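Chemist: Sequence below, structure please.
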Amino acid sequence: MTLTSPLAAIGRAFLALLASFGRIVIFAGQVFVLAPRRPFYLRECGQALVQIGWFSLPVVGLTAVFTGGALALQIYSGGSRFNAEAVVPQIVAIGMVRELGPVLVGLMVAARVTSSIAAEIATMKVTEQIDALVTLSTNPMKYLTIPRVLAGTLTVPLLVGIGDIIGVMGGFMVATGQLGFNRAGYIQNTVDFLTLPDIASSLVKGAAFGFIATLIGCYQGMRSGRGAQGVGAATKTAVATASVLILAANFLLTSLMFSQ
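Modeler: Have a look, this model is predicted:
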């Protein structure tokens, strides 16, 4: 009994993980089924677009510009060991557009938006506002979840595109202001090296990450426990789950789009 207890604990944890993943997939399936059906809550969707997109711009911009600058310094420092300092524009561009831009924006959205959505919906559940919606013959999935998921799926690619541009400009400012690169040459190398598939992959990742971040926030908020402790637990679990799923989705999408 003693020898099998650790294996049993691992098995229970693994089965619980599979059950949680299955519930998330079912929740996502309900979103896809209900999204094209009436009624459409355009006001809620508009408010979600502003909350997720516009109010996330400052943190996305600051994260991108500092990341781009730090990336330029790191590539220059590493490339100098092999007399390859000239590759800074190309590597900064492809690193920001393909990977760092989408992933960092996705994680920032998970930290800011997923937590906010989970806390808001969990509080509504605790204060029985969701029960009131049901009493008024309003589907909580249609009213609360679908506008937020739709807004996240539409706005996060825009945030990723803006973050990519700001990140590349951060690398440009550091490279030209501190490392001695020619401005025109840096811009030309960046434009020549990036391709349309690179940009498209970045935007596709942004849409996937926005969908995941908002879906998990709504899911955890709907499943939260009662009381302040339940709201806190739902928020914490939502951010952790969304972050892990975003990183996993990034690996899968990268494998699909760039595997040889």
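
Chemist: what sits against the residue nearest to the spatial centre of the chain?
Modeler: Residue closest to the mean C-alpha point of the chain, counted by CA atoms, centre = their mean, is residue 106 at 2.2 Å. Contacts for residue 106 (CB atoms under 8 Å, 6 or more residues apart in numbering) come out as 156, 160, 205-206, 209-210, 212-213, 246, 250. C-beta coordinates here come from the backbone N, C-alpha and C atoms, glycine included.

Chemist: what about 10 Å?
Modeler: By CB atoms under 10 Å, 6 or more residues apart in numbering, the residues touching residue 106 are 156, 159-160, 163, 205-206, 208-210, 212-213, 242-243, 245-247, 249-250.

Chemist: so of those residues, which ones are in helices?
Modeler: 156, 159-160, 163, 205-206, 208-210, 212-213, 242-243, 245-247, 249-250 (DSSP state H).

Chemist: Selection in PyMOL covering whichever of these are buried, please.
Modeler: Buried subset of the ones in helices among the contacts of residue 106, written as a PyMOL selection, criterion 16 or more other CB atoms under 10 Å:
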select buried, resi 156+159+160+163+205+206+208+209+210+212+213+242+243+245+246+249+250
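
Chemist: re earlier: if I look at the residue nearest to the centre of the chain, how far off is residue 214?
Modeler: Distance from residue 106 to residue 214, counting by CB to CB, to the nearest Å: 11 Å.

Chemist: Could you list the low-pLDDT ranges of the protein?
Modeler: 1-4, 260 (pLDDT under 70).

Chemist: Nearest residue to residue 221 in space, please, no chain neighbours.
Modeler: In this structure, residue 221 finds its nearest non-sequential neighbour in residue 121, 2.7 Å apart by CB to CB, 6 or more residues apart in numbering.
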